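A.B. asks: below: sequence and its predicted model.
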2 protein chains.
Amino acid sequence: MAIIKKTYKDQVIDHVYELLLTGELSPGQQLKESLLAAQMGISRAPIREAMKELIMNGLVDYRPQVGNFIPVLSPKEIIDSYTTRGVLEGYAVMESCGNFSAAEFDTLFRLTEEMENHALALNQKLVVEVGGQFHDLLISRCNNLQVIEYTNRLSLKLHILFYKYWATLYDAREIGRRHRLIAEAVYAQEPLRIEQVIREHYRQSGSLIAELRQGA
Amino acid sequence: MAIIKKTYKDQVIDHVYELLLTGELSPGQQLKESLLAAQMGISRAPIREAMKELIMNGLVDYRPQVGNFIPVLSPKEIIDSYTTRGVLEGYAVMESCGNFSAAEFDTLFRLTEEMENHALALNQKLVVEVGGQFHDLLISRCNNLQVIEYTNRLSLKLHILFYKYWATLYDAREIGRRHRLIAEAVYAQEPLRIEQVIREHYRQSGSLIAELRQGA
DNA sequence: CCGCTCAGAGATGTCGACAATCGGCAGATG
DNA sequence: CATCTGCCGATTGTCGACATCTCTGAGCGG
């Protein structure tokens, strides 16, 4: 078993993730170091450490001498972030599409079906979870660690900030159709098509989320 | 005039950049907080703040409970980093190639010639500087801030870590040829060709630097 | 009524000291 | 001689207090 060391800083990060996912923190809100420190019963030092990491991942906006804020992303910024993820993930998969085994191709298609089924059953939590597995598998064969690092950073940021919108983005059929498109392109091992379809997927998802967020 | 306030943290960052560029810090070496604090006459707190930012930009490797180290990049990691920059920059330019003015196209070709001339005159410092202007101009028309942010981060990291290799990467003719290829692709406004040529440029540059570093 | 000044509150920035943890070395043990 | 164990020095992790900066709004003058 892998033992994991949890420094205070890491616990703070997890705590803020929770606050964001549960909606206790809203965009634009300030994250006050003293308040967080008091709530968690620790000093401000590890809070500040955690803030730096959150800033690095784009989950917190930092204004010098003023404070840390939950970012308020404009529609364009949302689309840009998703588009960028599409660029990175598209490249990662394109570059590594020859590394997949037959079993992994099968898994891709199986996950697609699972997602569609969970969506039909309106089990949105499982849709998101399986969706995560799908994309994790997609980039798992890429050995360009730099690309993977940036991809994962963006992925985390978008997951935390827009988790709640995922469930209602597409209906069940559309979810299946979209991911089948990706899986088929990867299976066909056509680099250009892979990049194109993944980029398009994220660009459209970003646009939809931007609209949803606008309406809300 | 824009007034800029230099917090200690920012000064520490600049200081470490200097140490890296002048070679006073070598890959693998540890950056001890106490030592840096003593040398700069400040406490460890702003040092730690600066470390976080350096870590975020990939200029420092962080090992929990152990310390901060100048990264030792393997040849593959060097190539991966340059490849990733090519992917990001390629997309940025491809996506914004329609936004350039006629004057900016002219500038691109002019900078290319300047680089070649400086290279012929063996003025390597100016080659690097004009090269920076060339690439800054290339991505200046991109309005996807997320892509620009990642591109600039990677750009900074590679600049600081491999500045000293740039000068001897290519001979003068090759520098001219390579950048003319890029400028022409942008001028032609052919998206696919732009991405392809920029990716290839960085992939090859990364490979060469990896070899040079190996030999040294 | 509008705009400026400036003091106060509250936030971040910095400090020096203490605690927790890691890596290596000496010595014990088989 | 090889290996394990426990200690030791050094470095990072955390703390509470103080310094400095920003924002706000009350008061004043035009």
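C.D. replies: Perfect, thanks for sending it.
A.B. asks: from now on I want contacts and neighbour counts done on CA atoms only, so please keep to that.
C.D. replies: OK.
A.B. asks: out of all of them, which helix in chain A is the longest?
C.D. replies: helix A:191-215 (DSSP state H).
A.B. asks: would you mark the buried spots in that helix?
C.D. replies: Neighbour-count burial for helix A:191-215 flags A:191, A:193-203, A:205-210 (criterion: 16 or more other C-alpha atoms under 10 Å in any protein chain shown).
A.B. asks: check stretch A:143-159 too.
C.D. replies: Within stretch A:143-159, the residues scored as buried using 16+ other C-alpha under 10 Å are A:143-144, A:146-148, A:150-159.
A.B. asks: pull up the residues of chain A that are close to chain B.
C.D. replies: A:49, A:52-53, A:56, A:77, A:80-81, A:84, A:87-88, A:91, A:144-147, A:150 (C-alpha under 8 Å from any C-alpha of the partner chain).
A.B. asks: hmm, the host helix or strand of residue A:19 in reach of DNA strand D?
C.D. replies: Assignment of secondary structure by DSSP states H and E places residue A:19 within helix A:8-21. Yes. On the criterion C-alpha under 7 Å from any atom of the strand, helix A:8-21 is in touch with DNA strand D at A:8-9.
A.B. asks: show me where chain A has its strands.
C.D. replies: Using DSSP state E, the strands of chain A run over A:30-31, A:61-63, A:67-69.
A.B. asks: in JSON lines: those strands, plus mean neighbour count and mean pLDDT.
C.D. replies: Formatted as JSON lines, these follow (neighbours: other C-alpha atoms under 10 Å in any protein chain shown; pLDDT from 0 to 100):
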{"stretch": "strand A:30-31", "mean neighbour count": "18", "mean pLDDT": "94"}
{"stretch": "strand A:61-63", "mean neighbour count": "17", "mean pLDDT": "94"}
{"stretch": "strand A:67-69", "mean neighbour count": "19", "mean pLDDT": "95"}
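A.B. asks: all helices of chain A, in order?
C.D. replies: Under DSSP H, chain A gives helices at A:8-21, A:33-40, A:44-56, A:75-96, A:102-120, A:124-140, A:145-166, A:172-188, A:191-215.
A.B. asks: turn the ones you listed into TSV, including mean pLDDT.
C.D. replies: Below are the helices of chain A laid out as TSV (pLDDT from 0 to 100):
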stretch	mean pLDDT
helix A:8-21	94
helix A:33-40	94
helix A:44-56	94
helix A:75-96	98
helix A:102-120	96
helix A:124-140	95
helix A:145-166	95
helix A:172-188	96
helix A:191-215	95
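A.B. asks: can you tell me which of those helices is packed in deepest?
C.D. replies: Ranked by mean neighbour count, the helices of chain A are led by helix A:75-96 with a mean of 23 (mean count of other C-alpha atoms under 10 Å in any protein chain shown).
A.B. asks: alpha carbons only: can I get that helix in CSV?
C.D. replies: What follows is helix A:75-96, C-alpha atoms only, in CSV (Å, rounded to 0.1, in the frame of the first residue of the first chain):
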residue,chain,number,x,y,z
PRO,A,75,-17.9,33.3,-21.5
LYS,A,76,-14.9,33.8,-23.8
GLU,A,77,-12.5,32.7,-21.1
ILE,A,78,-14.5,29.6,-20.5
ILE,A,79,-14.5,28.8,-24.2
ASP,A,80,-10.7,29.6,-24.4
SER,A,81,-10.0,27.2,-21.5
TYR,A,82,-11.9,24.4,-23.0
THR,A,83,-10.4,25.1,-26.4
THR,A,84,-7.0,24.9,-25.0
ARG,A,85,-7.7,21.7,-23.3
GLY,A,86,-8.9,20.4,-26.6
VAL,A,87,-5.6,21.4,-28.2
LEU,A,88,-3.5,19.7,-25.6
GLU,A,89,-5.6,16.6,-25.3
GLY,A,90,-6.0,16.4,-29.0
TYR,A,91,-2.3,16.4,-29.5
ALA,A,92,-1.6,14.0,-26.7
VAL,A,93,-4.0,11.4,-28.1
MET,A,94,-3.0,12.0,-31.7
GLU,A,95,0.7,11.5,-30.8
SER,A,96,0.0,8.3,-28.9
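A.B. asks: and residue A:203, how far from residue A:115?
C.D. replies: Residue A:203 sits 20 Å away from residue A:115, going by C-alpha to C-alpha, to the nearest Å.
A.B. asks: sorry, that was for residue A:51
C.D. replies: Taking C-alpha to C-alpha, one finds residue A:51 at 34 Å from residue A:115.
A.B. asks: and what of residue A:33?
C.D. replies: Residue A:33 is 40 Å from residue A:115, where distance means C-alpha to C-alpha.
A.B. asks: which bits of chain A sit near DNA strand C?
C.D. replies: Close to DNA strand C, as judged by C-alpha under 7 Å from any atom of the strand, chain A has residues A:5, A:30-34, A:45, A:63-68.
A.B. asks: so what touches stretch A:23-37?
C.D. replies: For stretch A:23-37, the external contacting residues (C-alpha atoms under 8 Å, 6 or more residues apart in numbering or on different chains) are A:19-20, A:43-44, A:47-48, A:67-72.
A.B. asks: do that again at 7 Å, thanks
C.D. replies: Contacts with stretch A:23-37, where a contact means C-alpha atoms under 7 Å, 6 or more residues apart in numbering or on different chains, come from A:19, A:43-44, A:47, A:67-72.
A.B. asks: list the residues that contact residue A:19.
C.D. replies: So residue A:19 contacts residue A:25 (C-alpha under 7 Å, 6+ apart).
A.B. asks: can you check residue A:79 too?
C.D. replies: Per C-alpha under 7 Å, 6+ apart, neighbours of residue A:79: A:203, A:206-207, A:210.
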